[in-house]
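Enquirer: sharing a sequence plus its predicted fold:
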Amino acid sequence: MLELDDNYFKEEERCGFKISSMMKRVWAVEMDVLTEIDRICKEYGLTYYAAFGTMLGAVRHKGFVPWDDDIDIYMLRPDYQVLMKVLSDELPQGYYNSSSYSDSTHMQPLTSVMNTKYIITDVSERKKFYGCPYICGVDIFPLDYIPNDEEELSVFRNLYTIIYSTAREYYQYTKEELEEYLKRIEEMCNTKIDREGNIPNQLWLLLDKVAGIFGEDECEYLTYLPTNICYDAELKYKKGWFKSAKRFPFEYISVPLPNGYDELLKVTYSDYMKYDKQRGRAHDYPFYKKQEEFLMENNLL
């Protein structure tokens, strides 16, 4: 646990936005989780960078964006894959690594590291987490190199798309449709999918292999492929923006930002110094609302 002044957990207003005492406790737990990830990355010589609102918060607020409720980080694919091999073994007891490498039911192309797998109903157990009962953590987004050649990029995007779509929508297909897609994937990737095994998990793991096909020497840009393919084909970052990292203050800790943070923030938020309480929000605020409702319904809060 971080050594935090009790005053930190008091309700506070920042930039005209009220931050509850519980949100402060959630923030503290998330910083704890990031501290553990940071420790593991240092031990194995891996690099990560604050991403999205976490990057913005470090630059603009020296901490959380007042209306943000989570921590996101980027990792380049090579370092991400090393982390996936060691993460579960290196995390403190009770922490939960939700990824395709540790949980066969995981259905996303990213990893979430959390302080616990289950809502904490034991009040005494919550003391380890500043009195916070919720599942809190850090999302890790892998960045992949994409080819410069437009024709090659088109082929790559098509390959990634069919695997990603089949994995994500697996339970929506008929058996006939699914078999057709699986055969096509096997042919395109020169691989074999075990029909008796966990097919969705095999697809998610295959997706990561395909995502990492291209390397730094042959590419000029990086991207987070699911967003690039599903929402914004123009989303890409110059690889030079990730040549080095510099740590910035972030609440009671510090976080590493890529050397091209200014360009990255402009690509993501345009005029990033301008306040916009809705911009970039990917979920309802606060993220733990359903957890809170469960505890209240069962008189556990």
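Expert: In hand now; what should we look at?
Enquirer: show me where the protein has strands.
Expert: Using DSSP state E, the strands of the chain run over 12-14, 17-19, 49-50, 71-76, 96-98, 111-114, 137-146, 221-223, 237-238, 245-250, 253-258.
Enquirer: can you list those in CSV and add mean pLDDT, distance to residue 30 and mean neighbour count?
Expert: Placement of C-beta: from N, CA and C, glycine included. Shown next, in CSV, are those (pLDDT from 0 to 100; distance: least, Cβ to Cβ, whole Å; neighbours: other Cβ atoms under 10 Å):
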stretch, mean pLDDT, distance to residue 30, mean neighbour count
strand 12-14, 97, 17, 12
strand 17-19, 97, 14, 14
strand 49-50, 98, 12, 26
strand 71-76, 98, 5, 23
strand 96-98, 97, 14, 20
strand 111-114, 98, 9, 22
strand 137-146, 98, 6, 23
strand 221-223, 98, 25, 21
strand 237-238, 98, 24, 18
strand 245-250, 98, 11, 16
strand 253-258, 98, 10, 20
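Enquirer: for residue 162, which of those is the nearest?
Expert: strand 137-146 (16.5 Å; Cβ to Cβ).
Enquirer: remind me what the closest one packs against, helices and strands.
Expert: Where contact means 3 or more Cβ pairs under 8 Å, 6 or more residues apart in numbering; DSSP states H and E, strand 137-146 is packed against helix 21-44, strand 71-76, helix 77-90, strand 111-114, helix 199-211, strand 221-223, helix 225-230.
Enquirer: sheet partners, orientation included, of that strand?
Expert: Strand 137-146 pairs in its sheet with strand 71-76 (parallel), strand 111-114 (antiparallel), strand 221-223 (antiparallel), by DSSP bridges.
Enquirer: CA atoms only: put that strand into CSV for me.
Expert: Output in CSV follows, covering the C-alpha atoms of strand 137-146 (Å, rounded to 0.1, in the frame of the first residue of the first chain):
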residue,chain,number,x,y,z
GLY,A,137,-7.1,-2.0,-11.8
VAL,A,138,-5.1,-1.0,-14.8
ASP,A,139,-5.8,-1.7,-18.5
ILE,A,140,-2.7,-2.6,-20.7
PHE,A,141,-3.1,-1.8,-24.4
PRO,A,142,-0.6,-3.4,-26.7
LEU,A,143,0.6,-1.3,-29.6
ASP,A,144,1.6,-3.0,-32.9
TYR,A,145,3.6,-1.9,-35.9
ILE,A,146,1.7,-1.6,-39.2
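Enquirer: the helices and strands packed on strand 137-146: which one's closest to residue 50?
Expert: With Cβ to Cβ as the criterion, residue 50 lies closest to strand 71-76 of those, at 6.0 Å.
Enquirer: from the chain's centre, how far out does that closest one sit?
Expert: 6 Å (Cα atoms, centre = their mean, to the nearest Å).
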